[in-house]
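Q: here is my input; please provide its structure:
(one chain, ligands or ions: 2)
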Amino acid sequence: MSDATPKGFVQMPDKVTTAQTTKKGIINNNSTDPNKILPLTYPWARQHYKNGVANNWVPEEISMQQDVELWKKTGPGALSEDERRMVLWNLGFFSTAESLTANNIVMAIYRHVTNPEARQYLLRQAYEEAVHTDTFIYCCDSLGLDPDEVYNMYLTIPSIREKDEFVVNLTKSVFDLSFTTEGTKNIQLFVHDLVGYYVIMEGIFFYAGFAMMLSMMRKNRMVGVAEQFQYILRDESVHLAFGSDLINTIVEENPEIWTQDFQDELVQMIKEGVVLEEKYADDALPRGILGLNAEVVKQYVRFIADRRLERINLPKQYNVENPFPWMSEIMDLSKEKNFFETRVTEYQTGSLDWE
Ligand code: MN
Ligand code: FE
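A: Ligands and ions are numbered 1, 2, ... in the order given. Below is the predicted model:
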C-alpha cells in the first residue's frame, strides 16, 4: 500500500521540521510544562491529533446484519471453513492486540513523553484503542461468538501468541516503574519500545489482517466486520505516522543513540517481526480462499515493512511490488458516504441482539 493520505486528512510535510524546536527536547526535558500546550513545540503532534478527530467513528455506526446472516448461513453461498478460520484468526489477534497497545501507551509511553501536544495525541490514541477494543466486543456479540474462545486465542493459537510475546518481550524494561530515559542505553531501550509497538505491532502485525479482511469486503462477504477493520486501518495509519515522527524526533534530538549497531539491531528486529507475520498469514490462510492466498499476503507484509523502514530512515530490505494497490483506495473511501448508508440500514433493521 502506498502511504497515501486518506481523504479528509491534512497532508503532512514530508520531513518533520524541528530545527527551531530541538532545544526543548521531546524526552528528558526538565523545563517542559506538561500543562502548557501553547505555543506548540511540535506542530506535527497537533496535526496527527486533528487527523485522528477527522476519522472519528464508533462501531455501532456500522450494521452487522448481513454478517450475522452470512455467519449463520449453511449450504450454497455460506462461508467456507477456510473463510471462517481467517475471520476468527483476525478477530482473535486484534481483540487482544488493541488492549496491549493501549496499555503500552498509558503505562509506558505517556510517563516519558511529557511534551503537552504529544500527550494530547497519546490521549487521543488511547481513546481510539478503546474504540477498537469496543469494536471486537461488538463483533463478538453480534456474531454470537464464544468470548472465551476469541479472547483466549492469543494464548491458544501459537502464531498469534508469538506475535504478542515478541512485542511484550522487547518492551519489558520500559514497563519497569524504575525505568528512566536518562542516558544513551535507556533512550535506545525506549526507542525499542516505540519501534516494537508503533512500527511492528501497529505497522506490520496489523497489516496482514487488514489485507485479509478488506479483501473480504471486495468480495462482498462479512462486509460489516470488514468495514470495522477499514475504520481501524485509517486510525492505525495515523498512529503509525505519529509513532514514526516521535521516533525520528527522538533520534534527531539524541543523535548519539543512532549508531550503526543500533540501526542494525532495529532492522533485525523488524525482520523478525516480518517472519512472525508471515507465519501468521500461513496459519490464518493455510489453503487460500477465492483470490487470496498466504503467499500474496506475505508479499504485502514485506512491501509494508519496507515502507515502515524508510519512514524511520532505515534501509529497506525486500524491494517487492505492492500486490494490493487497492488497499490505498479502500483507505480513501468517503467516511461520510459510508456513515450515511450504514445509518439508514441500521434504522431499517433495528438493533442487534447484544445488550
Ligand atoms: Mn488500534
Ligand atoms: Fe493503534
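Q: Met201 contacts Val167, doesn't it?
A: Yes: with contacts counted by Cβ atoms under 8 Å, Met201 reaches Val167, the gap being 4.9 Å. (C-beta placed from N, C-alpha, C; glycine too.)
Q: which residues of the stretch 101-250 of the chain lie near ligand 2?
A: Counting by Cβ under 5 Å from the ion, the stretch 101-250 of the chain comes close to ligand 2 at 202, 236, 239.
Q: check contacts around the second one.
A: When the contact criterion is Cβ atoms under 8 Å, 6 or more residues apart in numbering, the partners of Glu236 are 202-203, 206, 210.
Q: relative to ligand 2, which of these is nearest.
A: Of all these, Glu202 has the smallest distance to ligand 2: 4.6 Å, by Cβ to the ion.
Q: measure that closest one to Lys163 for me?
A: Note on Glu202: its distance to Lys163, by Cβ to Cβ, to the nearest Å, is 12 Å.
Q: what do these two both touch?
A: Residues touching both Glu202 and Lys163 (Cβ under 8 Å, 6+ apart): none.
Q: ok, back up a step: the more surrounded of Met201 and Val167?
A: Between Met201 and Val167, counted using other Cβ atoms under 10 Å, Met201 has the larger neighbour count: 27 against 23.
Q: so what's that one up against?
A: The contact partners of Met201, by Cβ under 8 Å, 6+ apart, come to 97, 100-101, 163, 167.
Q: strands along the protein, start to end?
A: Using DSSP state E, the chain contains no strands.
Q: in it, which residue sits nearest ligand 1?
A: Scanning the chain for proximity to ligand 1 using Cβ to the ion identifies His132 as nearest, at 3.9 Å.
Q: pretty sure that residue contacts Asp235?
A: Yes: counting by Cβ under 8 Å, His132 sits close enough to Asp235 to count as a contact (7.1 Å).
Q: next up, the contacts around the spatially most central residue of the chain.
A: Using Cα atoms, centre = their mean, the residue of the chain that lies closest to the mean C-alpha position is Glu202, 3.1 Å off. Residues near Glu202 by Cβ under 8 Å, 6+ apart: 101, 236, 239-240, 243.
Q: among these, which one lies nearest to ligand 2?
A: Lowest distance from ligand 2 to those (Cβ to the ion) belongs to His239, with 3.8 Å.
Q: roughly how far does the closest one sit from Val225?
A: His239 sits 20 Å away from Val225, going by Cβ to Cβ.
Q: can you pull out the low-pLDDT segments for the protein?
A: Where the chain drops to pLDDT under 70, the residues are 1-24, 332-355.
Q: just to revisit the earlier point, compare His132 and Asp235 and say which one has the larger neighbour count.
A: Set His132 next to Asp235 and count neighbours by other Cβ under 10 Å: His132 wins out with 24 against 21.
Q: which residue is the nearest non-sequential neighbour of the more buried one?
A: Take His132 and drop its neighbours on the chain: the residue closest to it by Cβ to Cβ, 6 or more residues apart in numbering is Glu98, 4.1 Å away.
Q: give me the neighbour count for Leu123.
A: Residues lying near Leu123 (other Cβ under 10 Å) number 13.
Q: meant to ask about Ala208, not that
A: Counted with other Cβ under 10 Å, residues neighbouring Ala208 total 26.
Q: ok so, going back, of the contacts of Glu236, just say which sits nearest to Gln317.
A: Proximity of the contacts of Glu236 to Gln317 (Cβ to Cβ) peaks at Gly203, which lies at 14.3 Å.
Q: thought that closest one was touching Ile304?
A: Yes: taking Cβ under 8 Å as the definition, Gly203 is a contact partner of Ile304 at 7.2 Å.
Q: what do Met201 and Val167 both touch?
A: Counting by Cβ under 8 Å, 6+ apart, the shared contacts of Met201 and Val167 are Leu100.
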